[in-house]
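[1] I would like the atomic coordinates for the input below:
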Amino acid sequence: MKQFKAIIWGLAIIALGVIFGGNALGLFNFDVFFEGWWTLFIIVPSAISLITDKEKISSLVFLAAGIILLLAAQGVFGEGSWNVAWKVILAVFLVGLGLSIIVKSVFHSNNDKEVEKKVKDADDKTMDAQTAVFSGSERVYNDEVFSGSNMVAIFGGAELDLRKAKFTKDTVIKAFALFGGVEIKVPEDVNIKSKSGFIFGGISDDRKGESKGKYTIYIDAAGGFGGITISDKPKQKK
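    Residues are numbered from 1 along each chain as shown. Sure thing, here's the model as predicted:
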């Protein structure tokens with residue numbers, strides 16, 4: 001999925017290059033800088049995320065917001081277009097928030113219940129703490145025993161590299177991302193079970209496939225306007 005997303009972005013950039021080149025050579029006249037052209041920076045990423053990401057509601061909300069702003073810039077709403085646009089966008093966000101809460105409640109799976117139980121039984125005193133607020137944070141385990149982690153990223157990014165960590169039991173990772181991101185790199189022989197409590201965000205599992213290892217990492221992810229990425233790409237040997 002990550003590769004597919006990169007291909008779409010690549011095609012979008014190529015198309016933009018063709019448009020600029022064609023205009024410069026006089027092959028055609030396509031005005032990129034139309035009224036509200038800047039809304040494309042909201043519309044295009046949202047449309048791509050709608051195709052590639054599992055979390056659809058947040059992508060739909062931002063896509064709708066981008067289209068509403070474009071219509072306002074074009075004067076579709078008449079006088080007071082911007083006033084109308086912001087009110088409609090607020091309504092869209094509230095509807096999206098409500099749908100997100102309902103969907104997460106209705107589709108509360110057995111997997112979520114298992115993760116909740118493991119998180120409840122976890123001992124916070126044995127878990128590492130990693131915080132990134134308006135900054136970045138990286139924690140790398142090299143032949144160290146991993147016993148769990150509390151991760152917080154607010155307007156920042158936190159990275160946890162467990163590819164060379166030692167596991168002696170099942171462990172728990174609590175991850176919170178608000179307008180930020182958390183990246184967790186795991187070994188290929190460790191199982192992952194996760195639960196997402198995000199509002200306009202979610203978990204992106206970029207592992208090559210399901211593992212069948214001896215130990216399991218239970219990930220409890222929550223936050224808003226952010227995300228958690230899980231990958232198992234092998235560490236490069238120096």
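[2] quick one: average pLDDT of stretch 20-37?
    Across stretch 20-37, pLDDT averages out at 78.
[3] report the buried residues of it.
    Neighbour counts over stretch 20-37 (16 or more other C-beta atoms under 10 Å) mark G36 as buried. Bear in mind the C-beta positions are built from the backbone N, C-alpha and C, glycine included.
[4] can you get me the start-to-end distance on that stretch?
    From its first residue to its last, stretch 20-37 covers 14 Å (C-alpha to C-alpha, to the nearest Å).
[5] which residues sit against it?
    Stretch 20-37 has contacts (C-beta atoms under 8 Å, 6 or more residues apart in numbering) with 16, 19, 69-75.
[6] among those residues, name the ones in strands.
    With strands taken from DSSP state E, there is no overlap with the contacts of stretch 20-37.
[7] and those residues, which is closest to N150?
    L69 (37.5 Å; C-beta to C-beta).
[8] helix/strand/coil for the closest residue to that closest one other than its chain neighbours?
    In this structure, L69 finds its nearest non-sequential neighbour in T39, 4.7 Å apart by C-beta to C-beta, 6 or more residues apart in numbering. Here T39 is recorded as helix under DSSP: H, G, I helix; E, B strand; the rest coil.
[9] name the nearest residue to G226, sequence neighbours excluded.
    A177 (3.3 Å).
[10] where's the one you found, which helix or strand?
    strand 171-178 (DSSP states H and E).
[11] check which helices and strands that strand sits against.
    Using 3 or more C-beta pairs under 8 Å, 6 or more residues apart in numbering; DSSP states H and E, the elements in contact with strand 171-178 are helix 110-121, strand 149-154, strand 157-166, strand 181-185, strand 216-224, strand 227-231.
[12] would you mark the buried spots in the longest helix anywhere in the chain?
    Ordering each helix of the chain by length in residues (DSSP state H) puts helix 81-106 first. By neighbour count on 16+ other C-beta under 10 Å, the buried set for helix 81-106 is 81, 84-85, 88-89, 92-93, 96-97, 100, 104.
[13] quick one: mean pLDDT for that helix?
    Throughout helix 81-106, pLDDT has a mean value of 83.
[14] what does stretch 227-238 give?
    73.
[15] just stretch 181-199 next, same as before
    Stretch 181-199 carries an average pLDDT of 87.
[16] pull out the buried residues from it.
    So stretch 181-199, judged by 16+ other C-beta under 10 Å, has buried residues 181-187, 190, 192, 194-196, 198-199.
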